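**Student:** Show me how the following folds:
(2 chains)
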Amino acid sequence: MPVVSLPYKYLERLTGTDRKTIIDRLPMIGCDIERILDEQVDVEFFPDRVDLYSTEGVARAMKGFLGLVSGEEEYDTRQSDITFTIDENLRDIRPYLGSAVIRNVNLDNEAIISLMGVQEALHWVVGRGRSKVAIGVHDLDSITPPFRYFGSPPSRSFVPLDFTEEMTLTEIMEKHPKGRDYAHIVEGKSVMPLIEDADGNVLSFPPIINGELTRVTENTKNILLDVTGTDERAVMTAVKVITTGLISAGAICEQVMVNGKPCPDLSPTIREVSVSACNALIGCQVSPDEMAEILKKMRYGAESAGPDTVRVRVPCYRADIMHDWDIFEDVAIGYGFDNLNFALPPTSTLGCEHPVMTRSGQIRVICCGLGFQEVMPFTLSNDATMYTRMQRPSNPGVLRVLHPISEEQTLLRTDILPLLLDLLRINKRRELPQRIYHVGDVVCDMKTGQKVALASTHPGADFSEAYAVTDALCREMDLLYEVRESSDPAFIEGRRADIVVDGRVIGVFGEVHPEVLTAFDIDQPVAAIEITLNR
Amino acid sequence: MQLALNEKRLLLELARVGFSSPNELGQVLDRPAESVIQYGGLLSQKGLAVVERSVTTHLILTGEGEQYCREGLPERQLYMSFGDSSPMTELNRHPHAKIGLGWMKRLGWVRIEGGVVTKTGLAEPSALESALKTLESAGPDIKKELLKRGLATEEESVTYIIKVTEDGRKLADAGLDLTEETGTLTSDQISSGAWRDLTLRRYDITKKPRPVWPGKTHPYQRLIDEMRRILLDMGFTELYGGVVQGAFWNFDALFQPQDHPAREMQDTFHLKERSDLPSGWEQVRDIHEHGGNTSSCGWGGRWDPDKAKATVLRTHTTSLSIQHLAANPKPPVKAFGIGRVYRRETIDPTHLPEFEQLEGIVMDEDVSFRHLLGYLKEFYGRMGFSNVRFRPAYFPYTEPSVEPEVWIDGLGWVELGGAGIFREEVTAPWGINSPVLAWGLGVSRVAMLRMGLSDLRELYQSDIDWVRHTPVMTQPKGGDC
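**Tutor:** Modelled structure (predicted):
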């Protein structure tokens, strides 16, 4: 989740209240305070509330939550005569574009930092690392409308941001730091997305880099916003979050005609919601009027529209409101979780342990009774531990993860004994005898099963001990077993046996082979047993 | 006063001789000297004897000293290696030439003139040479010399004298019963009644026994079992299921959008195997694309069945909960599961790629968010966290969502898990018409708080001594119970 930095001075100016009040109440609208610094507070908001990714957005929400204002913020938009066309040749590459003109901006340092911050956060959360949505802001006064968004051959060149020389699109993708970061999004396409003005000046090469020409500075008075992407809803969300934020800071928004359609549309969405459904979900008892008041505190437009209905105007920047319940959650937050009457419901059910867990518990009782200590090793392992050191061939049913993080965790364990030997290695300097066991999941052929393994190490650990423990274990597990000579290479020949139940081999025990011990860096004999539990 | 037989025998002997050394006493009592010192110690604790310990230092030969004692000092060896005289060049080939020549000259055994070494005829055995044979008789100067030349070192030796005290003598004079004591009581002695005539040796209860380590469950398993017990007591049914899950159940059925970063290889362990979609998958597709028959607008775009067929290591136990609900869509349902889950995280003290998660769900006709908070308060209270508060939160599959925080002395408010009501987008495809309260909890996080661990790896790659020394009845750390 992105961390948003909120400078106190700017926040205090926008809300008209003091920093302490804000910091105290901030978590109750839904965020984690990362750190409180001298000049700013760093806050982690949840990824659904992209409207809170700017100081302006947080100020807007807090003013309502603290009771300083009530109801929605209204956004006037004027029609500008600026037009944008989207070329057909981008249909399969990056077909959507949203735009707006924002005039009369006062970009002091804090506002610029806030604008950069919200842009960066939107790139990650809504834009999925710019692949779904990419945002560009431009100094409108350095370019001439109308604007054109089209697919250009990669040989086209312009001066990208932070450079002084013209570069071709191909060169930018190879040499510009942003090019190297984001080239993968458009790589291999025959044409590249490009935005140019009436004079053929390049504004932007989305989703990679803007032109140096339209750089935004503290002197910028009028902004042109471009948002391009592969998902129309996400593109419009980004446009709305940025423009409403700038309007909250005092700017004026003008619509741009994009392929003949005015953009952005900052009007709210109307939802008529049921008050009783809300009360039932949250467990409160509010009237339509009370519910409307709470929603206004949460910066919705709302009024009672019948005995069980509230008409809600959802602000355009609330991209997270997908369902009536999303509104009900805001009622709960506005009502205050602490004001709900916590209680256990009258639901009557009987507790029931899972049979696999019952069995594991019983096996723990047996193993502890035999003097063994439980250990809880990882379920992720690797070929070296699971097979090579055990001198065993790898299990054909083993599942390997596609992109392991380290050589230590490349597969899901098919056996438990190798992990016990690894634990004996870790504990080789500890007092002997050591007797350890584990009962737990193993995975083979996509199926999760269970095994129990025991290992005993001390100077006298031998086949007889393994046999005696196996015998006791099987007796307590009520298994009628026979033994057969085993061929398991992890054990010493003539000191190993398979455990057979109903004609099927269900386990093995014996003295662990010295080659195996050496491979695990163990220098004492080990008597060991492993039994499959599910049949 | 209770005396063991050996103490009595020592006391009687001491009363006779007054005082003696452990060696001599040992010979009389037919016991090793060390045992006599031990009995003397026991008598002195009772004020019947005094054990005087004295430390003396004496010289012993070093390895070099012993060698010279056998073969002669370097100067003697060199002296013996030639006749009346020898050229220097010749003598220099001798292994001891360097030390030997200087000493021979200093002791006046030889003269050196014009590169020729000539014996003076005066080569009496030096004081040092005789001291090597009889170390104790050496004078202080010679001793110093021996130490300086590294031929001898000092060693401490401890000697004991045991004396009887006035009380001891009185007790001995009054007479002591010297009946034989019995160590191990035998079966015969018990059944024959012979035990009545035996004097059983008394044990010294001040001596600690050698520790024995009982077989026992792992401290972490005990915490897991404690949580299971609480939920079973509260009437929950336990869930258990496979760690390998289709992306459908792990993500899509939980309304996780298909382009959500958590689904990607970066955060989730993927396998090359593919999973089949269950019947009813089309409802989930509709929910994602446009909200199906609910008031939801869905995520929009196209839902790709192929993405849902990916196979992953489950990233949460919620994949079990939703399958349980899909199979049991009629209320009431109360279920929980504790199982291993997987995230593609690099190992460090507080992050592991696998860890335990607890999840509980309650589905019933009239349950609501306030009941969820009620369950959370009850569960955490039974875990020993009596001070709980709730903050708004976000999870893709719950609405409303909440993060419980518990108060821990010394740490403050600590976030402990997440909870919410399953979104209608999650429940509707399976014909579930009642609200589903759900909460999840990182069990290993609770373990760290309760056991005061600073490194999660301790749970899975345990030091056996930690398991041995963690009592079964551990008092919780952190919580306020």
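**Student:** For the rest of this, base every contact and every neighbour count on C-alpha atoms.
**Tutor:** Will do.
**Student:** so what's residue A:309 bridging to?
**Tutor:** With DSSP bridges as the criterion, residue A:309 is bridged to residue A:274.
**Student:** That one touches residue A:278, doesn't it?
**Tutor:** No - contact criterion C-alpha atoms under 8 Å: residue A:309 and residue A:278 do not qualify, at 10.2 Å.
**Student:** What pLDDT is listed against the residue lying closest to residue B:57 once chain neighbours are set aside?
**Tutor:** Of all residues not flanking residue B:57 in the chain, residue B:156 sits nearest, at 4.3 Å (C-alpha to C-alpha, 6 or more residues apart in numbering or on different chains). As predicted, residue B:156 sits at a pLDDT of 85.
**Student:** List the buried residues of the lowest-mean-pLDDT helix or strand in chain A.
**Tutor:** One helix or strand of chain A scores below all others by mean pLDDT, DSSP states H and E: helix A:109-125, with a mean of 85. Using 16 or more other C-alpha atoms under 10 Å in any protein chain shown as the test for burial, helix A:109-125 gives A:111, A:113-115, A:117-125.
**Student:** what residue ranges in the chain are flagged as low confidence?
**Tutor:** No chain specified, so I'll use chain A. Scanning chain A for pLDDT under 70 picks out A:1.
**Student:** sorry, should have said chain B
**Tutor:** B:1, B:474-481.
**Student:** ok, back up a step: the least confident helix or strand of chain A and chain B, any residue contact?
**Tutor:** No - against chain B, helix A:109-125 shows no contacts by C-alpha under 8 Å from any C-alpha of the partner chain, the least distance being 8.9 Å.
**Student:** picking that back up, pull the contacting residues for the residue nearest to residue B:57.
**Tutor:** B:55, B:56, B:57, B:58 (C-alpha atoms under 8 Å, 6 or more residues apart in numbering or on different chains).
**Student:** Apart from its chain neighbours, what residue comes closest to residue A:360?
**Tutor:** According to C-alpha to C-alpha, 6+ apart, the nearest residue to residue A:360 is residue A:439 (6.4 Å).
**Student:** er, residue A:15 actually
**Tutor:** Using C-alpha to C-alpha, 6+ apart, the closest residue to residue A:15 is residue A:59 (5.3 Å).
**Student:** Help me confirm that the one you found is found in a helix?
**Tutor:** Yes - using DSSP: H, G, I helix; E, B strand; the rest coil, the assignment for residue A:59 is a helix.
**Student:** roughly how far apart are it and chain B?
**Tutor:** 18 Å (C-alpha to the nearest C-alpha, to the nearest Å).
**Student:** For burial, what's the neighbour tally of that residue?
**Tutor:** 25 (other C-alpha atoms under 10 Å in any protein chain shown).
**Student:** Could you do the one 5 residues further on as well?
**Tutor:** Around residue A:64 sit 23 other residues, with neighbours defined as other C-alpha under 10 Å.
**Student:** Over to the one 10 residues further on?
**Tutor:** Using other C-alpha under 10 Å, residue A:74 has 14 other residues around it.
**Student:** That one in helix, strand or coil?
**Tutor:** Taking three-state DSSP, the label given to residue A:74 is coil.
**Student:** OK, contacts around the residue of the stretch 1-150 of chain A found nearest chain B?
**Tutor:** Nearest residue of the stretch 1-150 of chain A to chain B: residue A:30, at 4.6 Å (C-alpha to the nearest C-alpha). By C-alpha under 8 Å, 6+ apart, the contact set of residue A:30 is A:45, A:46, B:391, B:392, B:393, B:394.
**Student:** near chain B, which residues of the stretch 401-535 of chain A?
**Tutor:** A:401-405, A:423, A:426-427, A:430, A:435, A:443, A:446-448.
**Student:** Return the entry from those with the maximum number of neighbours.
**Tutor:** Neighbour-wise, these (other C-alpha under 10 Å) top out at residue A:435, 26 neighbours.
**Student:** Skipping its backbone neighbours, what lies nearest that one in space?
**Tutor:** residue A:456 (4.3 Å).
**Student:** what comes up buried for the one helix or strand that neighbour maps to?
**Tutor:** Residue A:456 is part of strand A:447-457 when elements are defined by DSSP states H and E. By neighbour count with 16+ other C-alpha under 10 Å, strand A:447-457 contains the buried residues A:448, A:449, A:450, A:451, A:452, A:453, A:454, A:455, A:456, A:457.
**Student:** cool, and stretch A:179-192?
**Tutor:** Buried, per 16+ other C-alpha under 10 Å, within stretch A:179-192: A:179, A:182, A:183, A:185, A:186, A:191, A:192.
**Student:** out of those, which are inside strands?
**Tutor:** residue A:192 (DSSP state E).
**Student:** just to revisit the earlier point, same list (the buried residues of helix A:109-125) but as JSON lines, adding distance to residue B:75.
**Tutor:** Shown next, in JSON lines, are the buried residues of helix A:109-125 (distance: C-alpha to C-alpha, whole Å):
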{"residue": "A:111", "distance to residue B:75": "95"}
{"residue": "A:113", "distance to residue B:75": "90"}
{"residue": "A:114", "distance to residue B:75": "92"}
{"residue": "A:115", "distance to residue B:75": "94"}
{"residue": "A:117", "distance to residue B:75": "89"}
{"residue": "A:118", "distance to residue B:75": "92"}
{"residue": "A:119", "distance to residue B:75": "92"}
{"residue": "A:120", "distance to residue B:75": "89"}
{"residue": "A:121", "distance to residue B:75": "89"}
{"residue": "A:122", "distance to residue B:75": "92"}
{"residue": "A:123", "distance to residue B:75": "91"}
{"residue": "A:124", "distance to residue B:75": "88"}
{"residue": "A:125", "distance to residue B:75": "90"}
